[in-house]
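S.K.: compute the structure for the input listed below.
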Amino acid sequence: MPQRLKRGLRDLGTVALSLFSLMVLGWLTDGLNGTPILPDLFSNWWPEPYEREAVGPHAEGSGFWLWLLPTLTLGLLLLVSSAFTLGRLRRPLVQEVAPPQEVRPRRVLVAMLSTLDTKPLQALRQELESLPDDQSGLDSLLLCLKKHERWSGEPLLRGVQAHIPCLERLYLLTTPGSKAGYEPLKALLGELLPYLRINGCPVKDGNDLHRIYRTLTRLEKELEHEGIPGDEIVIDATGGPKPYSMAAAFATLHNELSLQYVYPDSEKGAWCVQEFGVEASRPSR
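M.R.: Got it, this is the predicted structure:
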């Protein structure tokens, strides 16, 4: 369930409590003024007590208690619920990481490009050219990678594969050390996925956590202005230096963005792409 929907459901409780509070205050005011308030509620099911005098603060006998007890009960409930609600509003919510789950395909993927060895790229392109046209896709490229030694660009390709066919854009953050591999990788993905829009986002220093974080948040705002909501954006924290992974985690704390991580599972003998969401689960103590 998207975090925006969860927040909306929590807000419904606050709205309902506010309306109930206004209604109870109206009842209390009517009761203090001597206006009969309970007959309107229970006269159809319990008409006998109301065939006598109006129920209010000046009534006597059972009529007085029929007015006083429900009023006190509602007033006490109002005080307790209001104090509880105000206490929750005054305390900031704690952000907790949700259990990992299988990644949901998104429209936009943001990743940091690691330093790539371009020689495997050339060998892969030669292998793909020898295959029939109907087998020259990304899946065939990943099958070819199994014949070679582990390549630093494979986690990125696995992360891209997890979002097909929904993926529309790929944003690659590049550092001075990884800039050389950007154009060859872009050309290869452009041939395999011609519909995919690939954009480069240069970062001067891959160890500057603050600069990387600002780049990610600025990119989120730009996509939002273009009509792409945050729940359609996922940040891959696999590649790049450690400060990038930290910046990616920070960038998903207070919005709808999700975080994914790609790793080889030795037990299953396959690559795993898992998604990690962050949500406000409870107020801090």
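
S.K.: okay, now the residue nearest to Leu138 when sequence neighbours are not counted: neighbour count?
M.R.: Spatial nearest neighbour of Leu138, chain neighbours left out: Leu192 (4.8 Å); criterion: Cβ to Cβ, 6 or more residues apart in numbering. Placement of C-beta: from N, CA and C, glycine included. Neighbour count of Leu192, defined by other Cβ atoms under 10 Å: 17.

S.K.: I'd say Leu192 and Asp139 touch.
M.R.: No: Leu192 lies out of contact with Asp139 (Cβ atoms under 8 Å); the separation is 9.3 Å.

S.K.: would you mind pulling the contact partners of stretch 219-227?
M.R.: Val108, Val110, Tyr171, Cys201, Gly230, Ile233, Ala251, Asn255, Leu257 (Cβ atoms under 8 Å, 6 or more residues apart in numbering).

S.K.: tell me the confidence at the residue nearest to the fifth one when sequence neighbours are not counted?
M.R.: Spelled out, that is Gly230. Once flanking residues are discounted, Gly230 sits nearest to Glu256: 3.2 Å by Cβ to Cβ, 6+ apart. On the pLDDT scale, Glu256 is placed at 84.

S.K.: list phi and psi for Glu256.
M.R.: Dihedral angles of Glu256 (phi, psi; degrees, to the nearest 10) stand at phi -90, psi 0.

S.K.: same thing with Pro105?
M.R.: phi -60, psi 130.

S.K.: OK, contacts around it?
M.R.: Contacts of Pro105 (Cβ under 8 Å, 6+ apart): Ala162, His163, Ile164, Pro165, Cys166, Leu167.

S.K.: what about 10 Å?
M.R.: Ala162, His163, Ile164, Pro165, Cys166, Leu167, Glu232, Val234 (Cβ atoms under 10 Å, 6 or more residues apart in numbering).

S.K.: mind checking which of these land in strands?
M.R.: Of those, the ones assigned to strands by DSSP state E are Val234.

S.K.: now the element after the helix or strand containing Val110, going C-ward?
M.R.: Here Val110 sits within strand 108-112, counting by DSSP states H and E. Using DSSP H and E, the helix or strand that follows strand 108-112 in sequence is helix 118-130.

S.K.: quick one: list the elements packing against that next one.
M.R.: helix 138-145, helix 182-192 (3 or more Cβ pairs under 10 Å, 6 or more residues apart in numbering; DSSP states H and E).

S.K.: make CSV from the contacts of stretch 219-227 and add distance to Gly177 and neighbour count to it.
M.R.: Putting the contacts of stretch 219-227 into CSV (distance: Cβ to Cβ, whole Å; neighbours: other Cβ atoms under 10 Å) gives the following:
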residue, distance to Gly177, neighbour count
Val108, 25, 25
Val110, 19, 26
Tyr171, 18, 22
Cys201, 15, 16
Gly230, 30, 18
Ile233, 26, 25
Ala251, 22, 23
Asn255, 29, 17
Leu257, 26, 26
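
S.K.: residue ranges for the helices of the stretch 151-285 of the chain, please.
M.R.: 154-161, 182-192, 209-225, 242-251 (DSSP state H, counting those that start in this stretch).

S.K.: let's have those helices in JSON lines, adding distance to Gly75 and mean pLDDT.
M.R.: Shown next, in JSON lines, are the helices of the stretch 151-285 of the chain (distance: least, Cβ to Cβ, whole Å; pLDDT from 0 to 100):
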{"stretch": "helix 154-161", "distance to Gly75": "57", "mean pLDDT": "93"}
{"stretch": "helix 182-192", "distance to Gly75": "66", "mean pLDDT": "89"}
{"stretch": "helix 209-225", "distance to Gly75": "45", "mean pLDDT": "94"}
{"stretch": "helix 242-251", "distance to Gly75": "46", "mean pLDDT": "92"}
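
S.K.: nearest to Ser266, out of the ones you listed?
M.R.: Comparing the helices of the stretch 151-285 of the chain against Ser266 with Cβ to Cβ, the closest turns out to be helix 154-161 (14.8 Å).

S.K.: returning to what we had before: and the helices of the stretch 151-285 of the chain: which comes nearest Val103?
M.R.: It's helix 154-161; of the helices of the stretch 151-285 of the chain, that one is closest to Val103 (Cβ to Cβ) at 8.4 Å.
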